[in-house]
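S.K.: for reference, the sequence and a predicted model appear below.
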Amino acid sequence: MENSQSPIILWFRRDLRLSDHPALSAAARTGRPIIPVFILDDVVEALGAAPKWRLGLGLKTFAQSLEKAGSRLILRRGDALTVLQKLIAETGATAVYWSRAYDPGATARDTRVKSALTGQGVEATSFAGHLLFEPWTVATKTGQPFRVFTPMWRAVQGRDIAAPEVAPSAIPAPQNWPESDDLAAWKLGAAMNRGAAIVAPYVRPGESAAFEALHGFFDRISDYSADRDRLDRDGTSNLAEYLSLGEIGPRSVWHAVQRAAMTGAQGTEAYLRQLVWREFAYHLMFHTPHLLTENWKPEWDAFPWNTDASRPEVVAWQQGRTGIPAVDAGLRQMYVTGRMHNRARMIVASYLTKHLMTHWKIGMNWFAECLTDWDPAANAMGWQWVAGSGPDAAPFFRIFNPRTQQQKFDPHGTYLKRWIAEEQAAPSISALSYFDAVPRSWGLEAASSYPEPVVDLTSGRARALVAYEGRKTG
């Protein structure tokens with residue numbers, strides 16, 4: 001019979017919270033000691049500069065939350081299975097619990113860990129928690145994965161979703177704690193260089209901050225449908241980074257929005273659709289993992305995209321110096337805040353893949369390096385959607401005109417002024433911060449003149465349309 005006092009190792013990953021946490025709740029119900037662990041393994045090491053830095057902030061805040069609950073976060077570095085086996089030997093733990101991940105690298109790792117630990121007689125159990133619906137529980141009437149969003153939305157919008165569980169009032173501690181690495185020694189923010197100091201004021205990590213953001217969103221959710229695309233307004237939920245790192249659970253968000261709907265708030269269904277859009281991205285990544293690395297639609301493999309990231313026009317795009325203000329403003333917002341407005345993301349992505357005829361993977365990888373709210377599924381699907389090669393993709397002829405987009409969603413130029421300093425008599429601090437955030441090697445300064453367009457919008461659109469028509473008939 002299993003020792004009722006043997007510890008449970010609770011392996012945290014992208015689930016840095018105490019409430020709405022099925023794995024933690026299950027461990028707490030046993031009454032056994034719990035050893036929270038985070039492992040810096042190859043999957044984590046592969047993160048880009050901004051998401052890895054943001055993870056470090058999240059881990060620091062989460063460790064403080066655990067301490068308030070009478071626990072602590074043990075940090076270890078190395079191969080996940082090897083680390084867990086050493087901890088089991090050190091602590092006498094007989095079980096390892098964790099929340100599921102769905103990207104190919106993480107699922108391969110977790111499968112290997114579960115198989116090895118089970119073979120050694122250790123209970124290895126994975127739990128839901130990162131999604132509303134496990135990908136294998138959502139299917140068409142013929143049992144196939146959904147390939148189009150709207151039918152999936154219709155299939156799940158009426159489903160019962162379990163209420164989120166509250167955080168344990170206390171987390172049982174082991175008699176002896178294993179040693180832990182020092183978080184600062186991991187240097188998770190090293191690749192951010194001087195940009196970290198610029199982005200830091202725009203980041204509030206942790207579960208408490210996530211719930212504050214959620215409650216703040218309710219003050220403007222009635223205008224969500226009208227304002228979510230406005231570049232000049234704070235019309236979105238600002239929850240992406242918290243959902244990405246699991247600092248808030250999707251069930252908590254879903255039920256809170258449902259409660260707002262019951263009070264008569266408008267905009268709630270539009271936002272719930274966005275939550276399910278996130279689910280759709282994970283659904284696709286799980287069932288068709290090539291979404292992350294290849295054209296989701298193989299007929300796009302022969303499309304003549306540029307794949308050279310060193311070309312001058314691509315470098316200009318990366319630097320936010322294309323000469324197209326709506327494009328440059330979005331990229332500069334990312335360098336200063338770590339995030340980019342969703343409408344701006346579409347404008348920026350359309351310009352790269354269509355006007356500059358550059359492969360979506362170059363843009364996807366750049367966002368993975370620079371976004372603090374980076375999410376593997378959402379990033380890949382978003383880029384392929386805009387490029388035309390992905391599921392539910394925009395029609396080939398939908399080539400956003402950045403100027404008309406700016407006129408429609410930033411009619412007074414507020415967003416442009418906030419992020420582009422050149423040739424303004426009195427540029428804002430946020431616009432000037434761009435020059436302090438970007439690498440010194442770029443050699444940019446506020447006194448520089450604003451560049452001429454690297455490609456004429458009309459000719460760029462015409463070139464893209466010719467290529468797209470050739471793909472249809474080729």
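M.R.: Cool, got the structure.

S.K.: distance check, the nearest residue to Phe217 once chain neighbours are set aside against Gln258.
M.R.: In this structure, Phe217 finds its nearest non-sequential neighbour in Ser237, 4.6 Å apart by CB to CB, 6 or more residues apart in numbering. In this view, the C-beta of every residue, glycine as well, is placed from N, C-alpha and C. Plainly put, Ser237 is 14 Å away from Gln258 if you go by CB to CB, to the nearest Å.

S.K.: now do Asp41
M.R.: Asp41 is 37 Å from Gln258, by CB to CB.

S.K.: so for the two, which residue has more residues nearby?
M.R.: Higher neighbour count among Asp41 and Gln258: Asp41, with 20 against 12, using other CB atoms under 10 Å.

S.K.: touching, the more buried one and Arg76? I think so.
M.R.: No. With contact defined as CB atoms under 8 Å, Asp41 does not count as touching Arg76 (9.1 Å).

S.K.: got the CA positions of whichever strand or helix holds Val96 in PDB?
M.R.: Using DSSP states H and E, Val96 sits in strand 95-99. Only the C-alpha atoms of strand 95-99 are listed here, as PDB (Å, rounded to 0.1, in the frame of the first residue of the first chain):
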ATOM      1  CA  ALA A  95       3.800  10.500  -7.600                       C
ATOM      2  CA  VAL A  96       4.300  13.200 -10.200                       C
ATOM      3  CA  TYR A  97       1.400  15.400 -11.300                       C
ATOM      4  CA  TRP A  98       1.400  18.000 -14.100                       C
ATOM      5  CA  SER A  99      -0.900  20.000 -16.400                       C
END
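
S.K.: neighbouring strands - and their directions - for that strand?
M.R.: Here strand 95-99 has these sheet partners by DSSP bridges: strand 8-12 (parallel), strand 123-127 (parallel).

S.K.: what stretches of this structure score poorly on pLDDT?
M.R.: Scanning the chain for pLDDT under 70 picks out the ranges 1-3, 393-397, 472-474.

S.K.: okay, domains of it per the record?
M.R.: Using automatic domain parsing, the domain ranges for the chain come out as 1-130, 131-162+206-287, 298-473.

S.K.: quick one: which of these is nearest Met192?
M.R.: domain 1-130 (4.6 Å; CB to CB).

S.K.: can you pull out the helices in the stretch 301-450 of the chain?
M.R.: Here the stretch 301-450 of the chain has its helices, by DSSP state H, counting those that start in this stretch, at 312-319, 325-337, 342-350, 360-370, 376-387, 402-409, 414-419, 429-437.

S.K.: now the ones you listed as CSV including distance to Asn176 and mean neighbour count?
M.R.: What follows is those, written out as CSV (distance: least, CB to CB, whole Å; neighbours: other CB atoms under 10 Å):
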stretch, distance to Asn176, mean neighbour count
helix 312-319, 50, 18
helix 325-337, 43, 26
helix 342-350, 48, 24
helix 360-370, 40, 21
helix 376-387, 37, 24
helix 402-409, 58, 17
helix 414-419, 52, 20
helix 429-437, 45, 19
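
S.K.: closest to Gly31 out of these?
M.R.: Closest to Gly31 of the helices of the stretch 301-450 of the chain is helix 376-387 (CB to CB; 35.8 Å).

S.K.: give me the residues contacting the closest one.
M.R.: Contacts with helix 376-387, where a contact means CB atoms under 8 Å, 6 or more residues apart in numbering, come from 102-103, 240, 278, 280-282, 284-285, 291-292, 295-296, 300, 345-346, 349-350, 353-354, 360-361, 363-364, 367-368, 371, 390-394.

S.K.: dump that helix to PDB, keeping only the CA atoms.
M.R.: Coordinates of each C-alpha in helix 376-387 appear next as PDB, following Å, rounded to 0.1, in the frame of the first residue of the first chain:
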ATOM      1  CA  PRO A 376       2.900  28.600 -29.900                       C
ATOM      2  CA  ALA A 377      -0.500  27.700 -31.300                       C
ATOM      3  CA  ALA A 378      -2.000  31.300 -31.600                       C
ATOM      4  CA  ASN A 379       1.200  32.600 -33.100                       C
ATOM      5  CA  ALA A 380       1.400  29.900 -35.800                       C
ATOM      6  CA  MET A 381      -2.200  30.000 -36.700                       C
ATOM      7  CA  GLY A 382      -2.300  33.800 -36.800                       C
ATOM      8  CA  TRP A 383       0.500  34.000 -39.200                       C
ATOM      9  CA  GLN A 384      -0.800  31.200 -41.500                       C
ATOM     10  CA  TRP A 385      -4.300  32.700 -41.400                       C
ATOM     11  CA  VAL A 386      -3.000  36.100 -42.700                       C
ATOM     12  CA  ALA A 387      -0.600  34.500 -45.200                       C
END
